[in-house]
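**Q** Predicted structure and sequence below. I'll ask about it afterward.
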Amino acid sequence: MESPFKGDILKGKVGLLTGGGSGIGFEIAAELGKHGASIAIMGRRKHVLDSAVSALQSLGIHAIGVEGDVRNKEDAARVIETTIKQFGKLDILVNSAAGNFLVPSEDLSPNGFRTVIDIDAVGTFTMCHEALKYLKKGGVIINISATLHYTASWYQIHVSAAKAAVDSLTRSLALEWGTDYGIRVNGIAPGPIDDTAGVTKLLPEDVRRQKQEASALYRMGKKWDIAMAALYLASNAGNYVNGTTLVVDGGIWLSKPRDLPKEAVRQLSKVVEKRSRDAPVGVPKSKL
């Protein structure tokens with residue numbers, strides 16, 4: 001799809017993306033790069049990073065890949081320092097590394113719970129903390145969240161807790177670092193996104209179809225949709241947006257089954273209106 005943004009909107013900027021070797025993270029990396037940014041991607045699997053960097057470079061993007069685990073403070077510092085050494089600065093940090101799997105709460109071990117918290121929440125904070133000194137001249141942080149914790153989600157209590165923590169981090173850092181250093185900190189909460197591991201591995205086909213039908217836009221999201229939201233937040237277009245988590249899910253988290261078909265509601269409304277019009281003078285009209 002064609003971007004609505006100018007091709008040089010991020011010219012001269014440098015972006016670092018955790019989890020940037022695949023899925024939503026890679027798509028964001030590609031779009032930031034296609035709009036002028038130099039890109040560093042961080043991940044734990046060298047072959048994935050190498051493949052992603054090759055793909056980015058084939059698009060004419062200045063890109064490097066650096067192995068590292070967001071749960072490890074030394075790795076975080078090394079990856080950030082490598083980015084600075086390669087590109088001279090850091091303007092945009094996107095935290096998209098995440099862990100997820102389906103499991104009933106009673107079958108989830110404390111270690112399994114802790115692992116996802118460590119990747120999503122602790123990892124996000126660690127990367128932000130280590131990047132702070134390089135972002136103090138007005139950098140941008142984007143944390144990838146989810147909508148799972150806005151209500152409740154089956155079999156993902158660990159992820160819901162982790163993403164709730166990420167949203168809280170986003171708000172608190174936006175308050176502190178926005179005030180003290182002019183750093184904008186925002187989040188993106190994707191809904192079910194087609195052709196991602198979060199959908200193909202976690203949602204059976206019939207559930208994916210139900211999610212699509214639940215969307216106010218009657219379609220699954222694309223990775224491109226999330227990348228465009230990131231581009232908006234990373235660019236001057238979002239220059240006055242700070243401390244918000246932008247929900248990009250087509251309205252799915254707001255959706256619930258219809259109590260009545262639309263035509264039945266229209267017929268019921270006509271009956272109520274007729275009763276109201278025909279009511280004798282002095283008789284209270286229906287409040288419906």
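**A** Thanks, I have it. Numbering: from 1, shown residues only.
**Q** separation between residue 120 and residue 127?
**A** Remark: distance between residue 120 and residue 127 (CB to CB, to the nearest Å) = 11 Å. Glycine gets a C-beta too; all of them are placed from N, C-alpha and C.
**Q** Pick out whichever of those two has more residues nearby.
**A** Set side by side, residue 120 and residue 127 show more neighbours around residue 120, with 30 against 27, by other CB atoms under 10 Å.
**Q** Give the burial count for the spatially closest residue to that one that is not a sequence neighbour, as a bare number.
**A** Nearest non-adjacent residue to residue 120, counting by CB to CB, 6 or more residues apart in numbering: residue 162, 3.7 Å away. Each residue near residue 162 was counted by other CB under 10 Å, and the total is 28.
**Q** My read is that residue 162 contacts residue 123, right?
**A** No. Residue 162 is beyond contact range of residue 123, at 9.4 Å (criterion: CB atoms under 8 Å).
**Q** helices or strands next to the helix or strand that residue 271 is a member of in the packing?
**A** Using DSSP states H and E, residue 271 falls within helix 262-278. If contacts are counted by 3 or more CB pairs under 8 Å, 6 or more residues apart in numbering; DSSP states H and E, helix 262-278 sits against no helix or strand.
**Q** Check which residues of it are buried.
**A** Within helix 262-278, no residue counts as buried by 16 or more other CB atoms under 10 Å.
**Q** Repeat that for stretch 235-243.
**A** Neighbour count says stretch 235-243 has 235, 238, 242 buried, by 16+ other CB under 10 Å.
**Q** Then residue 50 would be within a helix, right?
**A** Yes. The assignment for residue 50 is a helix, going by DSSP: H, G, I helix; E, B strand; the rest coil.
**Q** Provide a list of residues in contact with it.
**A** For residue 50, the contacting residues are residue 65, by CB atoms under 8 Å, 6 or more residues apart in numbering.
**Q** Tell me the spacing between it and residue 66.
**A** From residue 50 to residue 66 the distance is 11 Å (CB to CB).
**Q** Please apply the same query to residue 226.
**A** Distance, residue 226 to residue 66, using CB to CB: 23 Å.
**Q** Which residue of these two possesses the greater neighbour count?
**A** More crowded of residue 226 and residue 66, by other CB under 10 Å: residue 226, with 27 against 21.
**Q** Wait, that one touches residue 24, no?
**A** Yes. Between residue 226 and residue 24 there is a contact under CB under 8 Å: 5.2 Å.
**Q** Now the common contact residues for these two.
**A** Both residue 226 and residue 24 are in contact with 144, 190, 193, where contact means CB under 8 Å, 6+ apart.
**Q** Give the buried residues for the longest helix along the chain.
**A** If you go by DSSP state H, the chain has its longest helix at helix 157-181. In terms of neighbour count (16+ other CB under 10 Å), helix 157-181 has its buried residues at 157-167, 169-171, 173-174, 177.
**Q** centre of the chain versus that helix, how much separation?
**A** Relative to the centre of its chain, helix 157-181 is centred 13 Å away, using CA atoms, centre = their mean, to the nearest Å.
**Q** Packing partners of that helix?
**A** Using 3+ CB pairs under 8 Å, 6+ apart: helix 157-181 touches helix 110-117, helix 123-135, strand 140-144, strand 184-190.
**Q** mind running it again at 6 Å?
**A** Secondary-structure packing of helix 157-181 (3 or more CB pairs under 6 Å, 6 or more residues apart in numbering; DSSP states H and E): helix 110-117, helix 123-135, strand 184-190.
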